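K.L.:
3D model of this:
(chains A and B)
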2 protein chains.
Amino acid sequence: MTDTTALIDDYIAIWNEPDSGRRRELIARTWTEDASYVDPMLTGAGHDGIDAMIAGAQQQFPGLRFELAGAPEAHHDRVRFTWHLKPEAGGEAVAIGSDFGLVSDDGRLRSVTGFLDLVPAG
Amino acid sequence: MTDTTALIDDYIAIWNEPDSGRRRELIARTWTEDASYVDPMLTGAGHDGIDAMIAGAQQQFPGLRFELAGAPEAHHDRVRFTWHLKPEAGGEAVAIGSDFGLVSDDGRLRSVTGFLDLVPAG
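P.N.:
Numbering: from 1, shown residues only, chains lettered A, B, ... in the order given. Here you go, the predicted model:
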């Protein structure tokens, strides 16, 4: 479970990392080369595709950051965790979601599916 | 979404179906031949493996039945839904879980991952 916690901490850090070089380093150690992400609004595949997707999301949600809510749960090669999207200045979550991942034998994520539990109003 | 609702209604019905013949018919139309299921306690692969897993679970939880809680959510080829395990005689859920599925091009489930939201006491 310690490996899973570190993996998901890095996963969340990627979404919050504005520096392109550091984000790419984190992506390389967190996602497999053939990894893919899909949620109701976004999709990305491979390190380039995931990086471009996250850079786009950061432009769309300025002043907000992702926080892990509770400990990730893992069994077999699966993991589930919940995140909150919150104003950097503090305050209530503006969006909440749950992500479900497949972990490869090398300990990196090879697939993540996101679902929204609380959708931004408006 | 109507297809998804029918698919997940059948998925739940399989868990509750005590008749082996009817359960196998439902499995054949709900799961692909190479499908797999995994949760923290159970695993099953292929129609035979999934049928054996569910028959075993029914023996383990006599007098209980699964109910879908709310509408399934779907995007792309993914689906998420929550179930309650309740006494057939009525009353509170004794277990609650969330399942995440991959749907094949032919509309059947090819993978389901279960997580537990409320675990039976004792």
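K.L.:
quick one: name the residues of chain A near chain B.
P.N.:
A:38-40, A:43, A:73, A:75-76, A:78, A:80, A:98, A:100, A:113, A:115 (CB under 8 Å from any CB of the partner chain). For the C-beta atoms, the positions are set from N, CA and C on the backbone; glycine is no exception.
K.L.:
go again using 6 Å as the cut-off
P.N.:
A:Val38, A:Pro40, A:Glu73, A:His75, A:His76, A:Arg78, A:Arg80, A:Phe100, A:Thr113, A:Phe115 (CB under 6 Å from any CB of the partner chain).
K.L.:
what does the host helix or strand of A:Asp9 contact?
P.N.:
Using DSSP states H and E, the element containing A:Asp9 is helix A:2-16. The contact list for helix A:2-16, computed with CB atoms under 6 Å, 6 or more residues apart in numbering or on different chains, reads A:23, A:26-27, A:30, A:54, A:65-66, A:68, A:72, A:74, A:79, A:81, A:107.
K.L.:
so the lengthiest strand in chain A versus helix A:2-16, what angle?
P.N.:
Across chain A, the longest stretch assigned as strand under DSSP state E is strand A:64-75. Strand A:64-75 runs at 160 degrees relative to helix A:2-16, counting by axes from the mean of the first three to the mean of the last three CA atoms, to 10 degrees.
K.L.:
check which element follows strand A:64-75 along the chain.
P.N.:
By DSSP H and E, the next helix or strand past strand A:64-75 is strand A:78-87.
K.L.:
run the angle between that next one and strand A:64-75 for me.
P.N.:
160 degrees.
K.L.:
give the buried residues for strand A:78-87.
P.N.:
A:Arg78, A:Val79, A:Arg80, A:Phe81, A:Thr82, A:Trp83, A:His84, A:Leu85, A:Lys86 (16 or more other CB atoms under 10 Å in any protein chain shown).
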